[in-house]
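# Fold the following.
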Amino acid sequence: MGRRFFAQFYAACLVAFALLALVSPYARAQNVIRIAVPDIGAASKPAGGGVVDVLYANQTLEKAFLKDGVKIEWTFFKGAGPAVNEAFANHQVDLAFLGDLAGIIGRANGLDTRLIAALARDINGYLAVQPGQGIKDLKDLKGKQIALFRGTALQLSFDSVLRSEGLTERDFRIVNLDLNSAAAAIAAHRIDAVWGASSLFILKDKGLVDIPVSTRGRDGIGTFKAGLVASNDFLRAHPEWAQRVVASVLEASNWVSDRKNLDAWLQLEQTRAGTPTSVWRNEIGDSDPATFFSPLLDPYYVNAFKRDVDTAKQLGMIRQGFDVDHWIDATYLNQALAQTKLAGRWQPYRTFGEAEKTAKAN
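Numbers count the residues shown, from 1 in each chain. Take a look at the predicted model:
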């Protein structure tokens, strides 16, 4: 009788372990949400920019999950998007605040992720060149060295602009450098140009570079986007957590979208990322911050991703495209908008011209 009991018990244990092996690791007594962010900070503190820095500095997510005993684990990756995608592939993160190309590459390479909220859009790219060289456009730089942070939104931005002008990376000598290294290289006259973000105006203000080319006035071509990307395993295991995270994102987006908070946000970026207030003030100008920081997955934002997937495929950044509509899951955003009563806070757009016109009018 005893042997039969233990045999049955042993068999039951084997079945239990087999079933446990089939269960997503995220469903097993998880008490931590692991968040990945490309680190853009030039100061000693980690920084992700925009909505991310508002969330991190105010511990918005930590407060939202405090009562449940759920910890928020932030990891800021100096290796930017490629490092974040590797962490996703190794099941080391649940959520990531990512630029457009990193999200596209991850999904195209088979990562089981979903894009569940927007973070920023229509952020411009800029070309910084050695001053006094008479460089007026990209064609003037043919055959010269240009620093570019490959595998990030900067590369997609740059290549999108090149494509619109009938050029490719092969027309230049591309040097793969992160933003800080590229800034140091051009300041030391080791390279001819850098394609980057508005932080290049720090160098311009010091007289170290000229900025003759940007994405402004190109109907959205080459502008940056960012979004909240989630592991599908995490979404299946903890849909209520995902909605609560998005609700916290909406809270931060609502704050930074209010122009009354612009000075406070600019000071936050200077403290965390080491970005002088003049940089973002130059970027936003007289536009409505709500245009940049809208969390909506509206037709304009979705169509911009579709265009970028096509561009990335045409340029060989990804081997095959994918269904953007299937990748995007607005369920959590829509629920959070209703829950927080922010459904009418941001204006949905269908075309770039519509968004640009509204931004200038406000």
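# Do a quick rundown of the strands in the stretch 151-300 of the chain.
Remark: strands assigned in the stretch 151-300 of the chain by DSSP state E, counting those that start in this stretch are 173-176, 193-196, 210-214, 224-231.
# which of those sits most buried?
strand 193-196 (a mean of 27; mean count of other Cβ atoms under 10 Å). No exception for glycine: its C-beta is placed from N, CA and C like everyone else's.
# Pairing partners for it, with directions?
Applying DSSP bridges to the sheet, strand 193-196 is found paired with strand 126-129 (antiparallel), strand 145-148 (parallel).
# how far is it from where the chain is centred?
How far strand 193-196 lies from its chain's middle: 19 Å, per Cα atoms, centre = their mean, to the nearest Å.
# and if you look at stretch 274-284?
Distance of stretch 274-284 from its chain centroid, counting by Cα atoms, centre = their mean, is 18 Å.
# Return the set of buried residues in that stretch.
Judged by neighbour count using 16 or more other Cβ atoms under 10 Å, the buried positions of stretch 274-284 are 274-276, 279-280, 283-284.
# what's the answer for stretch 191-209, then?
191-204, 208-209.
# follow-up on the earlier one: in helices only, show me the buried residues of stretch 274-284.
Among the buried residues of stretch 274-284, the members found in helices (DSSP state H) are 279-280, 283-284.
# if we can go back for a sec, what's the most buried one of the strands paired with strand 193-196?
Of all these, strand 126-129 carries the top mean neighbour count, a mean of 24, counting by mean count of other Cβ under 10 Å.
# What are the contacting residues of that strand?
By Cβ atoms under 8 Å, 6 or more residues apart in numbering, the residues outside strand 126-129 that reach it are 135, 138, 141, 146, 186, 192-198, 200-201, 203-204, 209-215.
# quick revisit: export the ones in helices among the buried residues of stretch 274-284 as TSV, with columns for pLDDT.
Output for these, formatted as TSV (pLDDT from 0 to 100):
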residue	pLDDT
V279	84
W280	85
E283	84
I284	83
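# I'd like the residues you listed as JSON lines, with distance to V93 appended.
Below are those laid out as JSON lines (distance: Cβ to Cβ, whole Å):
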{"residue": "V279", "distance to V93": "29"}
{"residue": "W280", "distance to V93": "27"}
{"residue": "E283", "distance to V93": "28"}
{"residue": "I284", "distance to V93": "30"}
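# of all those, which comes closest to F305?
The shortest gap between F305 and any of those belongs to E283, at 21.3 Å (Cβ to Cβ).
# residues touching that closest one, list them.
By Cβ under 8 Å, 6+ apart, E283 lies in contact with 123-124, 198.
# ok so, going back, let me know which of the strands paired with strand 193-196 is the nearest to T291.
strand 126-129 (18.6 Å).
# tell me the mean pLDDT for that closest one?
Across strand 126-129, the average pLDDT comes to 97.
# and stretch 96-114, how far out from the chain's middle?
Distance of stretch 96-114 from its chain centroid, counting by Cα atoms, centre = their mean, is 10 Å.
# repeat for stretch 281-299
Worked out by Cα atoms, centre = their mean, stretch 281-299 lies 15 Å from the chain centre.
# With that, I have no additional questions.
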